[in-house]
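>>> sequence plus predicted model, see below.
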Amino acid sequence: MRQSRHTHETAALALAVLFLAGCTVGPDFVRPEAARIEGYTASGVSLPAAGTADAQQRLSVGQSVATEWWKLFQSAALDQTLEIALAASPTLDTARATLAQAQEAVAAAAGAYYPQLDLSAGASRERIAVTRGTTTASAVTNVFSIGPVVSYAPDVFGGTRRFVEQESALAELQRFELAAAYLSLTGNAVTQAIDIAAAREQIAAAQEILGVDQRNLDLVRVSFEAGKAARTDILSAQSQLASDQTLLPPLRQQVSAARHALAVLAGKAPAEWSPPDFDFTNLGLPLDLPVRLPSALVRERPDILAAEAQLHAASAAIGVATAQLYPTITLSASWLQQSASMGTLFDGSNGLWSLVSALTAPIFHGGTLEAQRQETIDAFAAQLGTYRQTVLQAFGQVADVLRGIEHDAELLAAQQRALETARDSLNLTQDSYAAGQASFLQVLDAQRLYEQARLGYAKAKGQRYLDTAQLFEAMGGAWQDWKDPAMQAGASPPDRGDVSR
């Protein structure tokens, strides 16, 4: 009778526990509000004409970034390079493995939702006292036991749910870290390709300048042989040629460094693979530039979403710490076959069963549990500050890039005018020198102005391409359209319980 009553009491307790399982302590996470600002700069950004020789770019406010945005540069070589990089990048492999690890952590945490089943087996040899009448003697006996043990800790106050929620948020964090790695890889690869093209453009400018130097030297020699120029003019022309020849080695080193960096980004050793020779004749400039609204940017940039996931994890950690302040209940049941010999171990009369319920309530821990909960609250406040700073830095980056593109157009137009004027001035001065109406010093002055304008135009052209690529990256790079299997698997963490309560 006593055992029956105890069984009913245990069942009643289990039902009560299951009824209470809907209680989840701790705050429910609420996503931070999207930014309500409408722009990134204090005044609007307008793109002036870059000059008659260069295309006009346009800002498309509210437009999303195109899938595989680098294809807007209209370079088959660049497309192929990005394909190689996305397939072989060790950085992406690391991020994928880290995401898989985080997803398994979610599955491991969610296992606490279910009863745990174990098999218990044991064998012992014992000396026991045996009393027969007035005589007590000792005897040695064997004890064998085997049977299943079931244990279950009902999630009465939601500590398990909050822990699963925390692990799920951390898995989302790793998913966004993978997206950020993808965005960084594609952005850096395009940047290195443009660096190669920009350096090659400057090399072409330097070689053009050396051609002008050689023309000046030939012009001076003709005048010298005709007795119209002094030998100092020849030395000056030779000195200018030798000085301008120093322009080439640093630019060639810049090309080499960019090529090596691009090879590493593609997951290749520089000796194993060499990227194409990019230049601006096979790289088109995207003309329609997408500008997402700030309210959309905070929902699409992976670094902001990663900071939000960390904030979510910090919120769930408060619930985990709060649940530690409440009682915990465990239920266990076992069925053991026990016998003094292996031969009779599975005899039906040797079966023993037990049902156990236990409650543990914290009474005094020296303030540890309260301090741990306050620690998670402070951690949440710190993470909220980190999130806000991440958003502000993203807005600042976009503002810088937009202003950069605006100023690139202004600079390119000014450099084009300067180049055209300097070229005309140089040609006129050279003709005047040949006619004996100008000194060679005037030729050198015109030559220096032309050199500055020619190199300045090449640099401004490269910077315009670079800032355009950086805008696509700052806008989030359309990572959501990336068809990587790890990203698709990471879209929904394992569903082993309700973590949205």
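The structure has been received and is ready for your questions.

>>> can you tell me the closest non-neighbouring residue to the residue nearest the centre of the chain?
Closest to where the C-alpha atoms of the chain average out (C-alpha atoms, centre = their mean) is Ala180, at 2.2 Å. By the measure of C-beta to C-beta, 6 or more residues apart in numbering, the closest residue to Ala180 outside its immediate chain neighbours is Pro302, 4.1 Å from it. In this view, the C-beta of every residue, glycine as well, is placed from N, C-alpha and C.

>>> surely that neighbour touches Ala478?
No - at 11.1 Å, Pro302 and Ala478 do not qualify as touching, with contact defined as C-beta atoms under 8 Å.

>>> who's more crowded, these two?
Set side by side, Pro302 and Ala478 show unequal neighbour counts under other C-beta atoms under 10 Å, the larger going to Pro302 at 22 against 18.

>>> check contacts around that one.
Residues touching Pro302, when contacts are defined by C-beta atoms under 8 Å, 6 or more residues apart in numbering, comprise 176-177, 179-180, 183, 476, 479.

>>> show me the strands in the stretch 351-500 of the chain, by range?
Using DSSP state E, counting those that start in this stretch, the strands of the stretch 351-500 of the chain run over 351-360.

>>> and if you look at the chain?
Ranges of strands in the chain, per DSSP state E, are 58-61, 116-132, 135-152, 288-291, 328-339, 351-360.

>>> could you single out the most deeply buried of those strands?
Between the strands of the chain, the one whose residues have the most neighbours on average, counting mean count of other C-beta atoms under 10 Å, is strand 288-291 (a mean of 19).

>>> packing partners for it?
Under the contact criterion of 3 or more C-beta pairs under 8 Å, 6 or more residues apart in numbering; DSSP states H and E, the helices and strands touching strand 288-291 comprise strand 58-61, helix 368-434, helix 440-474.

>>> mind running it again at 6 Å?
strand 58-61 (3 or more C-beta pairs under 6 Å, 6 or more residues apart in numbering; DSSP states H and E).

>>> what about Ala42, neighbour count?
Taking other C-beta under 10 Å as the definition, Ala42 ends up with a neighbour count of 6.

>>> thinking again about what came up before, and the residue nearest to the centre of the chain, how far from Gly476?
Plainly put, Ala180 is 10 Å away from Gly476 if you go by C-beta to C-beta, to the nearest Å.

>>> rewinding a little: okay if I get the strands of the chain as TSV plus distance to Gln207 and mean pLDDT?
As requested, the strands of the chain are exported to TSV (distance: least, C-beta to C-beta, whole Å; pLDDT from 0 to 100):
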stretch	distance to Gln207	mean pLDDT
strand 58-61	34	90
strand 116-132	75	75
strand 135-152	79	75
strand 288-291	32	93
strand 328-339	78	81
strand 351-360	82	82
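
>>> what's the closest of those strands to Leu241?
Shortest distance between Leu241 and those, using C-beta to C-beta, is found for strand 288-291: 41.7 Å.

>>> show me what the closest one pairs with in its sheet, parallel or antiparallel.
When pairing is defined by DSSP bridges, strand 288-291 lines up against strand 58-61 (parallel).

>>> pull the CA atoms of the strand it pairs with into CSV?
The C-alpha atoms that make up strand 58-61 are tabulated as CSV, following Å, rounded to 0.1, in the frame of the first residue of the first chain:
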residue,chain,number,x,y,z
ARG,A,58,24.5,57.6,-60.4
LEU,A,59,23.3,56.9,-56.8
SER,A,60,20.2,54.7,-56.6
VAL,A,61,18.8,55.2,-53.1
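
>>> what comes into contact with it?
288-291 (C-beta atoms under 6 Å, 6 or more residues apart in numbering).

>>> again, only this time at 7 Å
Residues from elsewhere that reach strand 58-61 (C-beta atoms under 7 Å, 6 or more residues apart in numbering): 45, 47, 287-291.

>>> out of the residues you listed, which two sit at the greatest distance?
Of all pairs drawn from these, the one with the largest separation by C-beta to C-beta is Val45 and Leu287; the distance is 15.6 Å.

>>> between those two, who's got more neighbours?
For Val45 and Leu287, the more surrounded residue by other C-beta under 10 Å is Val45, and the numbers stand at 16 against 13.

>>> ranges for the helices of the stretch 51-200 of the chain?
Taking DSSP state H, counting those that start in this stretch to define them, one finds helices in the stretch 51-200 of the chain at 76-88, 90-110, 159-225.

>>> returning to what we had before: out of the strands of the chain, which gets nearest to Arg161?
Arg161 lies closest to strand 328-339 among the strands of the chain, at 14.0 Å (C-beta to C-beta).

>>> which strands or helices does the closest one pack on?
Packed against strand 328-339 by the contact rule (3 or more C-beta pairs under 7 Å, 6 or more residues apart in numbering; DSSP states H and E) you find strand 135-152, strand 351-360.

>>> most tightly surrounded among the helices of the stretch 51-200 of the chain?
Comparing those by mean neighbour count (mean count of other C-beta under 10 Å), helix 159-225 ranks first with a mean of 21.

>>> tell me the angle it makes with helix 90-110.
170 degrees (axes from the mean of the first three to the mean of the last three C-alpha atoms, to 10 degrees).

>>> distance from helix 159-225 to the middle of the chain?
On the basis of C-alpha atoms, centre = their mean, to the nearest Å, helix 159-225 sits 18 Å off its chain's mean C-alpha point.

>>> check stretch 65-85 too.
Going by C-alpha atoms, centre = their mean, the spacing between the C-alpha centre of stretch 65-85 and its chain's C-alpha centre is 19 Å.

>>> likewise for stretch 434-442?
60 Å.

>>> what about that stretch, start to end distance?
Terminal residues of stretch 434-442 are spaced 12 Å apart (C-alpha to C-alpha, to the nearest Å).

>>> ok, residues contacting that stretch?
Residues beyond stretch 434-442 that count as contacts (C-beta under 7 Å, 6+ apart) turn out to be 219-220, 228-229, 233, 236, 429, 432-433.

>>> before we move on, back to that, any chance of the helices of the stretch 51-200 of the chain in a markdown table, with mean pLDDT and distance to Val298 too?
Supplementary listing: the helices of the stretch 51-200 of the chain in a markdown table, determined by pLDDT from 0 to 100; distance: least, C-beta to C-beta, whole Å:
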| stretch | mean pLDDT | distance to Val298 |
| --- | --- | --- |
| helix 76-88 | 95 | 26 |
| helix 90-110 | 95 | 22 |
| helix 159-225 | 94 | 13 |
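
>>> dump those helices to JSON lines, plus distance to Ala34.
Below are the helices of the stretch 51-200 of the chain laid out as JSON lines (distance: least, C-beta to C-beta, whole Å):
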{"stretch": "helix 76-88", "distance to Ala34": "30"}
{"stretch": "helix 90-110", "distance to Ala34": "26"}
{"stretch": "helix 159-225", "distance to Ala34": "17"}
